[in-house]
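Asks: coords please:
(chains A and B)
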Protein chains: 2
Amino acid sequence: MAVATAHRLSRDQVIWSFGPDLEPVLEVGPGDVVTFETNDCFTGQIQSEDDLVTEIDLGRINGATGPVAVRGAEPGDSLVAEILDVRPVEWGVATLIPGFGQLSGLVQAPVTQMFQVRDGIVTMNDRISFPANPMVGVVGVATDGETLATGQAGRHGGNLDDHWHRKGSRIFFPVRQPGGMFAVGDMHAAMGDGEICFTGVEIAGEVDIRFELLKGKQATWPVTELGDRWLPHATATGYEEALQLVSEEAARLLVDQHGFTMEEAFIFLSVACDVGVAQACKPAEGFGTIARFGIPKIDACPMPFR
Amino acid sequence: MAVATAHRLSRDQVIWSFGPDLEPVLEVGPGDVVTFETNDCFTGQIQSEDDLVTEIDLGRINGATGPVAVRGAEPGDSLVAEILDVRPVEWGVATLIPGFGQLSGLVQAPVTQMFQVRDGIVTMNDRISFPANPMVGVVGVATDGETLATGQAGRHGGNLDDHWHRKGSRIFFPVRQPGGMFAVGDMHAAMGDGEICFTGVEIAGEVDIRFELLKGKQATWPVTELGDRWLPHATATGYEEALQLVSEEAARLLVDQHGFTMEEAFIFLSVACDVGVAQACKPAEGFGTIARFGIPKIDACPMPFR
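Replies: Predicted structure coming up:
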């Protein structure tokens, strides 16, 4: 069954950074659905295993399709982006990039690896097959001042590289500029937590997003709602600082939104919630670590802002 | 239905460190099942919210019941401990310890929090209830030379604090001494990844373990088998080093056991496998970080040693 779609954006409508002054290419209302055509993270510059990441234009990576203004979104609100579907094309690619990742000292980089995606299965080298997990790496809104390349992550979202950003998730972005100014890209047919070589199965495709607004309420960082839990995010250069920041954000939400004492929040996060690492490729000069906390939807904290 | 049990060990049979020269209190054969009575991590020193962690004997924490020698286990083998059941008692406890954990600067420590565990539900303060997840924090074998307190983790296991060490998991330990010398303790009625305040729901109980041997094959660190994936572990002082070590261990197993090239292993770990953090409480003076990698059981890598 096709998703009812009100709007469509071409993958030519691409931005390369999230800043405070984005100009919308489309305006929609709350409740509207937009289908975003997205480029793969290399913008089509890698088409075969002979195309190496060291030979492409690195100014054209991690582009995001948009931005879309949502009518009525004002600073202080949350813009809710519900991912209705993620549809990759048939062929994707991963790369080994010199100097990037935990095993970069053990391989002769660069390497380009092609993957076929068919019937929900990803196959590499005709021999290694695993389930697809279509998701989006770059998803964000305008910032409150700084300008960050779409390959970066921050309080506006951006390159969060969280594989839970798949069909069925709802991401709550803190609106910093009128309209919010949403953009999405960097689809992966599959990606693991950590993404230790710095790429997933990078692929072009289409994403259907439904927008909603939550007036007058927002977190500091993007918070994602899944069926059974919610995920605050935070990012910093290193692991320790990112986990520290996401722990503080999670505790703040439990205290402010659900009436926990700080002591209860600290203990509950320790005994019932899961620290996670979305993006942890190291070394990765110039890129940070993205941490999340998985908080079960129980009666005492079904989701912030509820 | 009661589990058929061949042997039983009292919680008085406790060790406080894993070293090379452990003397067994019980010898069993491959295939045998042992029920271990385990102490809570404070060895019963905390019975109410008036008992503070700052006032107890810290020489009596994280004890493990054992050790058990398994006939025929020799250095070079793997000792497989299958967790058949984990049965906590009704009351457990968590503590906030001054100077430990991501939020330790935000609370007036120390704090003792009691929990009731009933019908698979854990409740704190009559108000916050969540599903129980009974598991064991300390599980290990004799070392190849060093002596580490049971509160520490290492290549022998020890305080791995991985909440996947629950009913149904199978942990493959590298045997370093004849008999293996297995011990288990530090049960939690629930614990989240990261365990950011340094305790789960600490509780006494009983654990049923079935032992098997895998002759002549072993990993460097404990590897845990679940129904749908396998989990190499590694530990180091900080996050970055622990994730580096577990990435190297996972890649080594994929290359040596399943014929992946190093390049394939690096890419597969990035696009299809999940970095995880079992224990990440920081600051935690004197204690490390425990990382794991979640590798799906696919045809190309169903489990090492298969």
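Asks: is stretch A:126-146 positioned near chain B?
Replies: Yes - under the criterion of C-beta under 8 Å from any C-beta of the partner chain, chain B is reached by stretch A:126-146 at A:127, A:128, A:129, A:130, A:131. Any C-beta I mention is one placed from the backbone N, CA and C, and that applies to glycine too.
Asks: and the stretch 51-200 of chain A, which of its residues are near chain B?
Replies: Residues of the stretch 51-200 of chain A lying near chain B by C-beta under 8 Å from any C-beta: A:94, A:96, A:101-103, A:106-108, A:111, A:113, A:115, A:122, A:124-125, A:127-131, A:188, A:190-200.
Asks: what are the ranges of the strands in the stretch 1-150 of chain A?
Replies: A:7-9, A:14-15, A:17-18, A:26-28, A:33-38, A:64-70, A:78-88, A:91-96, A:111-118, A:121-124, A:128-131, A:135-140, A:148-149 (DSSP state E, counting those that start in this stretch).
Asks: and those as a markdown table, adding mean pLDDT?
Replies: Converted to a markdown table, the strands of the stretch 1-150 of chain A look like this (pLDDT from 0 to 100):
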| stretch | mean pLDDT |
| --- | --- |
| strand A:7-9 | 97 |
| strand A:14-15 | 98 |
| strand A:17-18 | 98 |
| strand A:26-28 | 97 |
| strand A:33-38 | 98 |
| strand A:64-70 | 98 |
| strand A:78-88 | 98 |
| strand A:91-96 | 98 |
| strand A:111-118 | 98 |
| strand A:121-124 | 98 |
| strand A:128-131 | 98 |
| strand A:135-140 | 98 |
| strand A:148-149 | 97 |
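Asks: out of those strands, deepest packed?
Replies: Comparing these by mean neighbour count (mean count of other C-beta atoms under 10 Å in any protein chain shown), strand A:135-140 ranks first with a mean of 29.
Asks: can you spell out which helices and strands pack onto that one?
Replies: Strand A:135-140 sits against strand A:64-70, strand A:78-88, strand A:157-159, strand A:182-188, with contacts defined as 3 or more C-beta pairs under 8 Å, 6 or more residues apart in numbering or on different chains; DSSP states H and E.
Asks: now the angle from the last one to strand A:33-38?
Replies: If I follow you right, that is strand A:182-188. If you take axes from the mean of the first three to the mean of the last three C-alpha atoms, to 10 degrees, strand A:182-188 sits at 50 degrees to strand A:33-38.
Asks: what count of nearby residues applies to the residue of the stretch 101-250 of chain A found nearest chain B?
Replies: As assessed by C-beta to the nearest C-beta, chain B sits closest to residue A:194 within the stretch 101-250 of chain A, at 3.0 Å. Residue A:194 is flanked by 32 other residues according to other C-beta atoms under 10 Å in any protein chain shown.
Asks: show me what contacts it?
Replies: Counting by C-beta atoms under 8 Å, 6 or more residues apart in numbering or on different chains, residue A:194 touches A:277, A:279, A:280, A:281, B:243, B:269, B:270, B:273, B:274, B:275.
Asks: what's the answer for residue A:263, then?
Replies: B:96, B:107, B:108, B:111, B:113.
Asks: can I get these in CSV with distance to chain A?
Replies: What follows is the contacts of residue A:263, written out as CSV (distance: C-beta to the nearest C-beta, whole Å):
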residue, distance to chain A
B:96, 6
B:107, 5
B:108, 8
B:111, 5
B:113, 5
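Asks: which two of these have the greatest separation?
Replies: Comparing all pairs in the contacts of residue A:263 by C-beta to C-beta, the longest separation belongs to B:108 and B:113, at 13.4 Å.
Asks: can I get the residues of stretch A:126-146 next to chain B in a markdown table with distance to residue A:140?
Replies: As requested, these are exported to a markdown table (distance: C-beta to C-beta, whole Å):
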| residue | distance to residue A:140 |
| --- | --- |
| A:127 | 37 |
| A:128 | 32 |
| A:129 | 32 |
| A:130 | 28 |
| A:131 | 27 |
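Asks: any chance of the helices and strands packed on strand A:135-140 in TSV, plus distance to residue B:75?
Replies: Below are the helices and strands packed on strand A:135-140 laid out as TSV (distance: least, C-beta to C-beta, whole Å):
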stretch	distance to residue B:75
strand A:64-70	54
strand A:78-88	48
strand A:157-159	46
strand A:182-188	43
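Asks: before I go, just wanted to say thanks for your time.
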